[in-house]
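Chemist: this one's structure only:
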């Protein structure tokens, strides 16, 4: 029966020695390697794209430490299921036969709502369970702060070309099916490009090549064969799986690259595959701010209006405003200056900490605050010609810092000229 399992499952590593990639976490003398070797596992969250080994790593840790291992999918589990598993973990932790603290692995933990995440806090804090979460989304936005304070976040990276090469060689030489085939590797550019740093995707492609090669014939791997086979056997759109991420990525990049035809095509693929139209609209709202921004502020208004319309009329009529918005965004001028500005400012905040607000910018609702200088010498802009007056707005330590750099488009050029006139810079 084992040979009926997909190649990705047959090749799933059972030990760290067989685990490929993420050397910054599991390589010699790395943080997780030291944790595993010591047998003292603290709660953590694995953040990374699909197919980079999050679930596999959690299972390896449980196997290596001989800990009871429980798993929940945030897609299918609610508070009731979480509490039931925690009760079993509590019983394991108290059992005289337990060899280690139970590990609770939660896949797609970002899909848990606040109450579901809250239900984990007590067990994690009291040490009843070691939590290992996996997510493809930024935990800073998707995981509640109390849980983040109790669990370290480790970032997993897409596999590099040399790691994909190592995985390819392992599959060819160690898999019970491929090792019996005459495999000829002539070129790997297309294979690695389609894999996109995703180990599972690479193994799925190898599985397809093996199954589509008649018995007794050499299994040839080269750029032409890989491209042709993938085109002949297009994967069904899976709105919960890898194709979901691939197609939304192609859609966003087509709009960013100002190609309305490609944008509408990828949108059609999503609609035909049953993708949630609100998901498509939501991503266009984000893109309008991130990639068009100040070059055309109306783009954000249209994207937001499209999201509202989709909620009101649904499908199939919703395909029309979705298409209208995608074409408008794709043909619009582009700028990511606002996106870069906030990221630069956040990076500065991380480096400089909580710098004090200048006294003249502080509110003074009490007499004591006024006596302390709060609000003193603040210049009210509307009292000056042009509703502008020069004064200090940044903390003392950041005078002269620049976060917004205008992009090369007419709208931002006008704004930049006005700023130069105002600030003599």
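Modeler: Ah, there it is. Predicted model, so just to flag it, every value in this text is computed and none were measured.
Chemist: average pLDDT for stretch 165-179?
Modeler: Stretch 165-179 shows a mean pLDDT of 94 in the predicted model.
Chemist: What residues sit buried inside it?
Modeler: Going by neighbour count (16 or more other Cβ atoms under 10 Å), the buried part of stretch 165-179 is 165, 167, 168, 170, 171, 172, 175, 178. The way it works is simple: take the backbone N, C-alpha and C, and place the C-beta from them, glycine included.
Chemist: now stretch 330-345
Modeler: Neighbour count says stretch 330-345 has 330, 332, 333, 334, 335, 336, 337, 338, 340, 341 buried, by 16+ other Cβ under 10 Å.
Chemist: And for stretch 109-123?
Modeler: Here stretch 109-123 shows 109, 110, 111, 112, 116, 117, 119, 120, 123 as buried, counting by 16+ other Cβ under 10 Å.
Chemist: you'd agree the fifth one is up against residue 82?
Modeler: Yes - contact criterion Cβ atoms under 8 Å: residue 116 and residue 82 qualify, at 6.2 Å.
Chemist: Give me the helices and strands touching whatever helix or strand residue 268 lives in, please.
Modeler: Following DSSP states H and E, one finds residue 268 within helix 260-272. Secondary-structure packing of helix 260-272 (3 or more Cβ pairs under 8 Å, 6 or more residues apart in numbering; DSSP states H and E): helix 242-256, helix 277-287, helix 319-331.
Chemist: can you tell me which of those comes nearest to residue 363?
Modeler: helix 277-287 (32.9 Å; Cβ to Cβ).
Chemist: Could you pull out the buried residues of that closest one?
Modeler: Buried residues in helix 277-287 (16+ other Cβ under 10 Å): 277, 280, 281, 283, 284, 285, 287.
Chemist: Closest to residue 366 out of those?
Modeler: Once Cβ to Cβ is applied, the member of the buried residues of helix 277-287 that ends up nearest residue 366 is residue 285, at 41.2 Å.
Chemist: tell me the contacts of that closest one?
Modeler: Residues in contact with residue 285, defined by Cβ atoms under 8 Å, 6 or more residues apart in numbering, are 300, 303, 304, 306, 307.
Chemist: Quick one: residues contacting the closest residue to the second one other than its chain neighbours.
Modeler: In space, not counting the residues next to it along the chain, residue 303 is nearest to residue 288; the distance is 4.0 Å by Cβ to Cβ, 6 or more residues apart in numbering. With contact set as Cβ under 8 Å, 6+ apart, residue 288 has these partners: 299, 300, 302, 303, 304, 329.
Chemist: redo that, cut-off 10 Å
Modeler: Contacts for residue 288 were tallied using Cβ atoms under 10 Å, 6 or more residues apart in numbering; they are 255, 296-304, 306, 325, 328-329, 332.
Chemist: Select only the buried ones of those in PyMOL?
Modeler: Those of the contacts of residue 288 that count as buried under 16+ other Cβ under 10 Å are selected in PyMOL with:
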select buried, resi 255+296+299+300+302+303+304+306+325+328+329+332
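Chemist: Go through the contacts of residue 288 and name the one nearest residue 313.
Modeler: When the contacts of residue 288 are compared against residue 313 (criterion: Cβ to Cβ), the nearest one is residue 306, at 10.8 Å.
Chemist: pLDDT at the closest one, what is it?
Modeler: Each residue has a pLDDT score; the one for residue 306 is 96.
Chemist: quick one: it and residue 319 touch, right?
Modeler: No - using Cβ atoms under 10 Å, residue 306 is not in contact with residue 319, being 11.2 Å away.
Chemist: Name the residues contacting each of these two.
Modeler: Common neighbours of residue 306 and residue 319 (Cβ under 10 Å, 6+ apart) are 277, 280.
Chemist: ok, back up a step: what's the closest of the buried residues of stretch 165-179 to residue 154?
Modeler: residue 167 (20.6 Å).
Chemist: list the helices and strands the helix or strand encompassing the closest one packs on?
Modeler: Per DSSP H and E: residue 167 is located in helix 161-174. Packing contacts for helix 161-174, counted by 3 or more Cβ pairs under 10 Å, 6 or more residues apart in numbering; DSSP states H and E, involve helix 7-10, strand 183-185, helix 189-195, helix 199-211, strand 219-221.
Chemist: JSON lines for these, including distance to residue 357?
Modeler: Listed next are the helices and strands packed on helix 161-174 as JSON lines, based on distance: least, Cβ to Cβ, whole Å:
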{"stretch": "helix 7-10", "distance to residue 357": "53"}
{"stretch": "strand 183-185", "distance to residue 357": "62"}
{"stretch": "helix 189-195", "distance to residue 357": "49"}
{"stretch": "helix 199-211", "distance to residue 357": "48"}
{"stretch": "strand 219-221", "distance to residue 357": "61"}
